[in-house]
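1. I would like the atomic coordinates for the input below:
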Amino acid sequence: MATEVVFEKQGPIGRITFAGPNGINILSTSVVQALTDRLDEIAKDPEVRVLILTGAGKTFLAGADIAEMSDAPADAGKGFSEHGQAGLAKLAGFTHAVTIAAINGAAFGGGCELALACDLRVISDKAKIGMPEVKLGLIPGWGGTQRTLALLGPGRARRMIFTGGALPGDLAAEIGLVNQCVPGDGLIAAAEELANQILACGPTAVRCAKKAICAADAAEADAFGEAFASDQGREGLKAFLEKRKPNW
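-> I've put the predicted structure just below:
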């Protein structure tokens, strides 16, 4: 039985839950494809503005499907990497909504890489996160080398990747791999609180900001111009001058 990718929503907050047998969630290529299909569906829903991704059971995502990789021919590696990179690049560039990884348990290998492809990360104090690929004679192949470098800088990124060690939630937050570490029973509440902080801001402004972040620097002026010209941009400036909350 494969890990399912379940989508549900409450108003502007959507949630994707990875649910596998016995609470062990595995990121196979079919699960990557299911995720991209869900993102396509969500992109058609104008109500969803924040998307929380989490796991059911013991893990967030315990890693890629090792059996799937082991059964593949030796020359299939590049294609396997490209498929995963494309799926996680779609998540990283998903401008329809801000994405928050709510890391409830182990986030290893591809699971760590998926979390890094989200905009923000909240982790349980009982969870661990890492990329142990070098211990299998491999390397992170779904964008993990580059996203870790961008988040941690060269020294910490190299140590994390070269040793393959797993970081506890509090240390992951301390070094900036995740944004926040919270008690496990408060994980979803913390992710939803963060979502509500985002929802309190101008919807067009948030989407334009994400477009600018996901695009090259040259696109920032275009995105700013779009936000500035929007009704929400006009309302935000007016509300500030009138010392009141904006009416989005």
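2. List the residues that contact W142.
-> Contact analysis of W142 by Cβ atoms under 8 Å, 6 or more residues apart in numbering lists A64, S81, G84, Q85, G87, L88, G110, E113, L114. Using the backbone N, CA and C atoms, a C-beta is placed for each residue, glycine as well.
3. distance of the most centrally placed residue in the chain from G225?
-> Among the residues of the chain, C118 comes closest to the average C-alpha position under Cα atoms, centre = their mean, at 1.9 Å. As judged by Cβ to Cβ, to the nearest Å, C118 and G225 stand 27 Å apart.
4. Could you do A191 as well?
-> Distance from A191 to G225, by Cβ to Cβ: 32 Å.
5. Please identify which of those two sits among more neighbours.
-> A191 (26 against 12; other Cβ atoms under 10 Å).
6. Do me a favour and get the end-to-end distance for stretch 133-153?
-> End-to-end distance for stretch 133-153, by Cα to Cα, to the nearest Å: 19 Å.
7. what about the strands in this structure?
-> 4-10, 13-19, 50-55, 59-61, 98-103, 106-108, 120-124, 128-130, 166-168, 180-182 (DSSP state E).
8. The fifth one pairs with which strands?
-> Within its sheet, and counting by DSSP bridges, strand 98-103 is paired with strand 50-55 (parallel), strand 120-124 (parallel).
9. CA atoms of the shortest one as CSV?
-> Extracted C-alpha coordinates of strand 120-124, given in CSV (Å, rounded to 0.1, in the frame of the first residue of the first chain):
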residue,chain,number,x,y,z
LEU,A,120,8.4,27.9,5.8
ARG,A,121,9.1,25.0,8.2
VAL,A,122,7.8,24.3,11.7
ILE,A,123,9.1,21.2,13.4
SER,A,124,8.1,19.1,16.4
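10. Counting neighbours, show which residues of it come out buried.
-> For strand 120-124, a neighbour-count test (16 or more other Cβ atoms under 10 Å) marks L120, R121, V122, I123, S124 as buried.
11. Name the helix or strand of this protein that has the lowest mean pLDDT.
-> Least confident element among the helices and strands of the chain, by mean pLDDT, DSSP states H and E: helix 220-229 (a mean of 74).
12. need the longest helix for this structure.
-> helix 77-92 (DSSP state H).
13. Need the residues that contact that helix.
-> 29, 32-33, 35-36, 39, 64, 69, 72, 99, 110, 113-114, 117-118, 141-143, 147, 214.
14. Just the buried residues of those residues.
-> 29, 32, 35-36, 39, 64, 69, 99, 110, 113-114, 117-118, 141-143, 147.
15. What angle do strand 50-55 and the longest helix of the chain make with each other?
-> Put simply, helix 77-92 runs at 140 degrees to strand 50-55, going by axes from the mean of the first three to the mean of the last three Cα atoms, to 10 degrees.
16. Can you point out the buried residues in helix 77-92?
-> Per 16+ other Cβ under 10 Å, helix 77-92 contains these buried residues: F80, S81, H83, G84, Q85, G87, L88, K90, L91, A92.
17. Can I get those residues in CSV including distance to R207?
-> CSV is the format used below for the buried residues of helix 77-92 (distance: Cβ to Cβ, whole Å):
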residue, distance to R207
F80, 32
S81, 30
H83, 28
G84, 26
Q85, 24
G87, 22
L88, 20
K90, 16
L91, 16
A92, 15
